[in-house]
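>>> Give the three-dimensional model of this entry:
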Amino acid sequence: MAEHYEGFSLGSPVVIKDNTEYTAPMCLICFQFAPDSDTPLTIVANRDEFHARPSRSAQFWEDSPHVLAGLDLQAGGTWMGVTKEGRFAAITNVRRIPAPHEGSISRGKLVADFLRQEVDCESYLQALHHQGRHYNGFNLIVGNRQQCWYLSNHNDAGPRRLAPGLYGLSNAQLDTHWPKVEFAKQALERWLAQPQDTPLYSLLDNCQGYPQDQLPDTGIGQEWEELLSPAFIVSPSYGTRASTGLHIQQDKIQLQEASFNAQGQLAKLVSFEF
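Below is the predicted model of the structure:
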């Protein structure tokens, strides 16, 4: 029997039937972009998804060996990744009911296509800006050691080149003041301010929810707003599936990714340095 989560899908209800119909890529990202420093990018992110959706944790791709990323085994895209040359990309959905439009192409393809190609950041996003209606709502971050760009298809602003700084992103526009976004920015800012033994990927493991009067109204109903309010989500059907920490330094790249089961317990940890 299909499970029915009224209103959760971006644009229509979510119906889970034969593990084929649902959508929700990475849902919390915090990063510091500092191109003139020894570490141009420091990013920590949680991927929230239905547990029934099959995926593979981060590894170098067989068909694109320069790409290090997880893989959505259902649609073939990814939620976040980096290349050996230091190009990176990450995506979140936009949670808004009703949605302005419904797309037919997996949003994970946007990250995968950028990582596979050698296209200029601005050119890639400019072309995508004119095709945004083909996708459900997304926020896309792309960049390299010298530049970082942001694009959402839920506004008309087009690609935006980001100045050096600290940014937070969930399921609304960049730096929207949701409680978990503010928590993520504060956690990363503290971590960056002084050396710590805490792994970067674990900074967003906070399961604390927030009072209703602090939560957004995105049209999914109070129960779902409360469920999705923590930085780290735990529930039997939907939750934080992976937490990723990525350092892009001038002379090397480090990535660690933890995968979790439906109880929020660590299931796998992978680590790369190159």
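
>>> can we go C-alpha only for contacts and neighbour counts from here?
Noted.

>>> pLDDT value on Thr78, please?
In this model, Thr78 is scored at 96, pLDDT.

>>> what separates it from Thr39, distance-wise?
From Thr78 across to Thr39, the span is 24 Å (C-alpha to C-alpha, to the nearest Å).

>>> Would you mind telling me which of these two has more residues around it?
In this view Thr78 and Thr39 are compared by other C-alpha atoms under 10 Å, and Thr78 has more residues nearby, 29 against 18.

>>> what residues are up against that one?
Listed by C-alpha atoms under 8 Å, 6 or more residues apart in numbering, the contact partners of Thr78 are Ala69, Gly70, Leu71, Asp72, Gly108, Lys109, Val111, Ala112.

>>> does it sit in a helix, a strand or a coil?
Recorded secondary structure, Thr78: coil (DSSP: H, G, I helix; E, B strand; the rest coil).

>>> quick one: the helices in the stretch 51-200 of the chain?
108-116, 121-129, 179-193 (DSSP state H, counting those that start in this stretch).

>>> Just say which of these is most tucked in.
Most buried of the helices of the stretch 51-200 of the chain, by mean neighbour count (mean count of other C-alpha atoms under 10 Å): helix 108-116, with a mean of 22.

>>> Just the residues contacting that one, thanks.
Outside helix 108-116, the residues that reach it (C-alpha under 8 Å, 6+ apart) are 25, 64, 66-67, 72, 75-83, 87-91, 124, 140, 142.

>>> Now do it and helix 121-129, the angle between them.
Angle, helix 108-116 to helix 121-129, by axes from the mean of the first three to the mean of the last three C-alpha atoms, to 10 degrees: 150 degrees.

>>> got the CA coordinates for helix 108-116 in PDB?
Extracted as PDB, the C-alpha positions of helix 108-116 are listed here (Å, rounded to 0.1, in the frame of the first residue of the first chain):
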ATOM      1  CA  GLY A 108      20.300  15.900  -9.000                       C
ATOM      2  CA  LYS A 109      21.200  16.100 -12.600                       C
ATOM      3  CA  LEU A 110      22.200  19.700 -12.200                       C
ATOM      4  CA  VAL A 111      25.000  18.900  -9.800                       C
ATOM      5  CA  ALA A 112      26.100  15.900 -11.800                       C
ATOM      6  CA  ASP A 113      26.300  17.800 -15.100                       C
ATOM      7  CA  PHE A 114      28.300  20.600 -13.600                       C
ATOM      8  CA  LEU A 115      30.800  18.200 -12.100                       C
ATOM      9  CA  ARG A 116      31.200  16.100 -15.200                       C
END
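
>>> any idea where the strands of the stretch 151-274 of the chain begin and end?
Secondary structure of the stretch 151-274 of the chain (DSSP state E, counting those that start in this stretch): strands at 160-161, 165-169, 238-248, 253-260, 266-273.
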